[in-house]
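Student: quick one, fold the following:
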Amino acid sequence: MSNGDILVGEIIGTAILILFGAGVCAAVTLRYSKARASGWIVIAFGWGFGVLAGAYTAAPLSGGHLNPAVTFGIAVDTGEWSKVWLYVLGQMVGAMLGAVLCYLTYFAQFQANVRETGTTEGTAEEPLPTLGIFSTIPEIRNPVANLVTEIIATVALVLPILAFGLTTGLGESGTLVLIVSLLVVGIGLSLGGPTGYAINPARDLGPRIVHTFLPIPNKGTSDWKYAWIPVVGPLIGGTLAGLIYNAAF
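Tutor: The predicted structure is shown next:
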C-alpha cells in the first residue's frame, strides 16, 4: 500500500464511519428529528453500520483500520511502526470531516436548538446539549473507572480483530468487515453504557475539535477536561490487545 492510498483510504473510511455514527446520535438526540428518542439500541447499530460502510470502502486502499487503537494493536503485533503516523493522520482528518458532514446533514435541526418561547401548550423546552452527538460523555464521571472501561472495551475490540486474522480466507471473502461491524454493535450494547464506548481516539477527539468550533446555537460545553480519557484509554487498550495476542497466539 502506498502512502497516498493509506492516507486517502483512512480519510474516506473514517469520514463515513463518523458520518453514520454521529448521524445516528443526531437522529436520536435532536428535537426535530424523526428518529428522536429511539434509544441506545439504534445508536449501537448505527455505529456498527458506520464501521461496515467505512471499512468496506477503505479496505482496498488502506486495509480499513479507521481507528488508532486498531493501528497500534496491529503495530505491536507486527513490529511495523513506520506508517502508524500516516494511518493516525488520515483517521483524524477523516473523523473531523465526518463530523462536519453530520453537522451539514442536520443543519436545520442544529439551528433549531434553541429554547422555544411563546408556546401555548406545555412547557417550553431548554436547549439540548450537543456534545453527545459528536463525542462521548460518561454517565458517572470517575476518571479511573472511565479509563478502565475504555481500556477493557478497546481490548474487547482489538484482540478479536487480531484473532480473526487467524481464520484463513475470512479477509479475502469480505466477511471479516461484517463480523467486525457486528463486534462493534455488541460492544456498544454490552460495554457502552458507562462511557458511551469511544474505543477509538480519532472517533472522539476529531469530532470534539469540530464541536468546539462549529457555530451551533446553545451547543453547550465541549468538555475538554474529560477529553484525554477516550484518547488514552483506547490507545492503552489497543496496545494491550497487541501484547496479549503476541503472548497467547
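Student: quick one, what contacts residue 230?
Tutor: 135-136, 150, 195, 198, 200-201, 203-205 (Cβ atoms under 8 Å, 6 or more residues apart in numbering). In this view, the C-beta of every residue, glycine as well, is placed from N, C-alpha and C.
Student: try residue 217
Tutor: Going by Cβ under 8 Å, 6+ apart, the list of residues near residue 217 reads 110-111, 113-114, 127.
Student: so which of those residues is surrounded by the most neighbours?
Tutor: residue 110 (23 neighbours; other Cβ atoms under 10 Å).
Student: circling back to that earlier point, biggest separation within the contacts of residue 230, which pair?
Tutor: Across the contacts of residue 230, the longest distance by Cβ to Cβ is 14.3 Å; it joins 195 and 205.
Student: quick one, which of the two is more surrounded?
Tutor: The residue with more neighbours, out of residue 195 and residue 205, is residue 195; 27 against 21, by other Cβ under 10 Å.
Student: gap between the top helix by length along the chain and the chain center?
Tutor: Longest helix in the chain, counting residues (DSSP state H): helix 3-29. Here helix 3-29 is found 8 Å from its chain centre; the criterion is Cα atoms, centre = their mean, to the nearest Å.
Student: that helix packs against which elements?
Tutor: helix 40-62, helix 84-105, helix 131-134, helix 201-213 (3 or more Cβ pairs under 8 Å, 6 or more residues apart in numbering; DSSP states H and E).
Student: now with 6 Å, please.
Tutor: helix 40-62, helix 84-105, helix 131-134 (3 or more Cβ pairs under 6 Å, 6 or more residues apart in numbering; DSSP states H and E).
Student: can you give me the distance of the closest residue to residue 241 other than its chain neighbours to residue 40?
Tutor: Nearest residue to residue 241, sequence neighbours excluded (Cβ to Cβ, 6 or more residues apart in numbering): residue 158, at 3.6 Å. Applying Cβ to Cβ, to the nearest Å, the value for residue 158 to residue 40 is 23 Å.
Student: those two: which is more packed in?
Tutor: residue 158 (29 against 13).
Student: sec struct for that one, please.
Tutor: Assigned with DSSP: H, G, I helix; E, B strand; the rest coil, residue 158 falls in the helix class.
Student: now do residue 117, the pLDDT please.
Tutor: At residue 117, the model reports a pLDDT of 53.
Student: okay, and the helix or strand of this structure with the least pLDDT?
Tutor: The helix or strand of the chain with the poorest confidence is helix 170-173; it has a mean of 65 (mean pLDDT, DSSP states H and E).
Student: so what's residue 61 up against?
Tutor: 5, 8-9 (Cβ atoms under 6 Å, 6 or more residues apart in numbering).
Student: actually residue 96, not the one I typed
Tutor: By Cβ under 6 Å, 6+ apart, residue 96 lies in contact with 206, 210.
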